[in-house]
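Chemist: Here's a sequence, model it:
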Amino acid sequence: MLIKTFGSAVQGVNAYTITVEVNVGAGTKYYVVGLPDNAIKEGEQRIDSALKHYNYRMPRQKVVVNMAPADIRKEGSAYDLTIALGILSSSGQMESGKLSDYIIMGELSLDGSLRPLKGVLPIAIQARKEGFKGIILPEQNAREAAIVNNLEVIGVSNLQEAVEFLDGRRAIEPTTVNTREIFDNTADQYAADFADVQGQENIKRALEIAAAGGHNVIMIGPPGAGKTMLAKRLPSILPPLSLFEALETTKIHSVAGKLGTAASLLSTRPFRSPHHTISDVALVGGGSVPQPGEISLSHNGVLFLDELPEFKRTVLEVMRQPLEERRVTISRARTSIDFPANFMLIASMNPCPCGYYNHPDKECVCGPGIVQRYLNKVSGPLLDRIDLHVEVTPVTFDQMTSTRKSEESSTIRERVVDAREVQRVRFEGFDTIHSNAMMPSQMVKEICRINEAGITLLKTAMERLGLSARAYDRILKVSRTIADLAKSEEIKIEHLAEAIQYRSLDREGWAG
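Modeler: Numbering: from 1, shown residues only. Next up, the predicted model:
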């Protein structure tokens, strides 16, 4: 008897439906066709053991399982429950009436219990899109799937519960989640706040500018100056996530298996801080089954690279294209997958191997040329994509012991949101440009016009400070953001002067 059940496969951050056809007939042996991988083929033993545990029988006949479309490779153990229910129905051990109403997914243990899955959110979205009544899956994943409205989410803990539900012998209340309420209640709840930071007012100002314009930042300073502490607080001043951005970010984390069983929706901007020993594949994504990397996990948030020169050169260079295109393309022989990667890059580094070059109190012990060689570990093309270069100096004792309360992140965020609204109106007619940092060169000339006094100042600065040609566009973009924060339609000379300060690494002779 031929029975059809439905599962789902995740490719990139999207899912597509898999039709699992099961036929039990005359003959012997168990066959799985339709390009299954070893995990699916090995499922025969798991299914057999799970069925016996609940006093069902594995048919001692010819069992053919076809996974369509047959020209796409199927991977993973999440089809165990789909196939098991198809076998029970095809062999007459359960009713088949409701099988076609649901997407069914779950990995079986030998005792018939279900293990949690990855990528449940895109599966649920696709199920609703294709008109399925609901989805049957492990109860640990039910809250995640329930983010999708107008879809019946049935969480089950074992094979027996799934069979009894489909047979009508057990009533299971669908899992429901009020997505809007969760989003509103948990949005912008950050553990770290700029109010905790004493001193470093110039660095806070630079990070505010970066947040307002979507600019990438590199902080250069000695150990213990507060670079990491400041970077961790950057998400708290970024504009709040919209519900669409939250769903998009949650999909990526779902595919990567980074959501906990109690989590349902990411409502705060992600902050990712990979170790400097990370590989290029782990950073940008990839693998035999392409998975999102750290730059995609930081989509709509912040990617922090601490001790930038310590990262392998190849790792840093693979970021150049994603920084420009805001997405990553993983190409394989049979397919090409896109992962979104719209993130802010925040990097930090010591000015030299010992860490004390240009330190106000401690002497640098690095030999001649060592400082320049250390800085040269970071390539010019990568620095070209970083708008703000900020020198971080250590906090004095008086600043650390001051009782003066620092400005809270919520206050800074209000100014950032106002500046982003100006940019939203400015770039309303452009689909791929949402902030000043995204402007191409030709647009910079039109939008970042400066008067004669500004041209003179910029020319003088470039000549006296030895600024490179690549600094020109960056200075204009940053000055446009500073003007937006000041609610000024024109870029004034003081905005330009402040932007020039943020090009430390472009100055000739900065490292001797």
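
Chemist: alpha carbons only for contacts and neighbour counts from here, please
Modeler: Fine.

Chemist: Stretch 191-201: how far from the chain's middle?
Modeler: Stretch 191-201 has its average C-alpha position 25 Å from the chain's average C-alpha position, going by CA atoms, centre = their mean, to the nearest Å.

Chemist: Could I get the contacting residues of residue 13?
Modeler: In this structure, residue 13 makes contact with 119, 122, 251, 252, 255, 339, judged by CA atoms under 8 Å, 6 or more residues apart in numbering.

Chemist: measure the third one to residue 184 for me?
Modeler: Read it as residue 251. For residue 251, the distance to residue 184 (CA to CA, to the nearest Å) stands at 19 Å.

Chemist: higher neighbour count, those two?
Modeler: Neighbours around residue 251 and residue 184, counted as other CA atoms under 10 Å, are more numerous at residue 251. The numbers are 26 against 11.

Chemist: Now that one: which helix or strand?
Modeler: helix 243-255 (DSSP states H and E).

Chemist: same thing with residue 16?
Modeler: Secondary structure assigned from DSSP H and E places residue 16 in strand 14-25.

Chemist: helices and strands around that strand, which ones?
Modeler: Applying 3 or more CA pairs under 8 Å, 6 or more residues apart in numbering; DSSP states H and E, one finds that strand 14-25 makes contact with strand 2-11, strand 62-68, helix 80-90, helix 120-129.

Chemist: if we go to 10 Å?
Modeler: Helices and strands touching strand 14-25, as assessed by 3 or more CA pairs under 10 Å, 6 or more residues apart in numbering; DSSP states H and E, comprise strand 2-11, strand 30-33, strand 62-68, helix 80-90, strand 102-104, helix 120-129, helix 243-255, strand 336-340.

Chemist: Most tightly packed of the ones you listed?
Modeler: helix 80-90 (a mean of 26; mean count of other CA atoms under 10 Å).

Chemist: Extract the C-alpha trace of stretch 359-373 and format it as PDB.
Modeler: This file holds the C-alpha atoms of stretch 359-373, laid out as PDB (Å, rounded to 0.1, in the frame of the first residue of the first chain):
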ATOM      1  CA  HIS A 359      51.500  54.700  25.700                       C
ATOM      2  CA  PRO A 360      51.500  57.800  27.900                       C
ATOM      3  CA  ASP A 361      53.300  56.100  30.800                       C
ATOM      4  CA  LYS A 362      54.900  52.800  29.700                       C
ATOM      5  CA  GLU A 363      57.700  52.400  27.300                       C
ATOM      6  CA  CYS A 364      57.500  50.300  24.100                       C
ATOM      7  CA  VAL A 365      60.200  47.600  24.000                       C
ATOM      8  CA  CYS A 366      59.600  46.700  20.300                       C
ATOM      9  CA  GLY A 367      62.600  47.000  18.100                       C
ATOM     10  CA  PRO A 368      62.900  49.200  14.900                       C
ATOM     11  CA  GLY A 369      60.400  48.200  12.200                       C
ATOM     12  CA  ILE A 370      58.600  45.800  14.500                       C
ATOM     13  CA  VAL A 371      55.600  48.100  14.900                       C
ATOM     14  CA  GLN A 372      55.100  48.700  11.200                       C
ATOM     15  CA  ARG A 373      55.400  44.900  10.500                       C
END
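
Chemist: With that, I have no additional questions.
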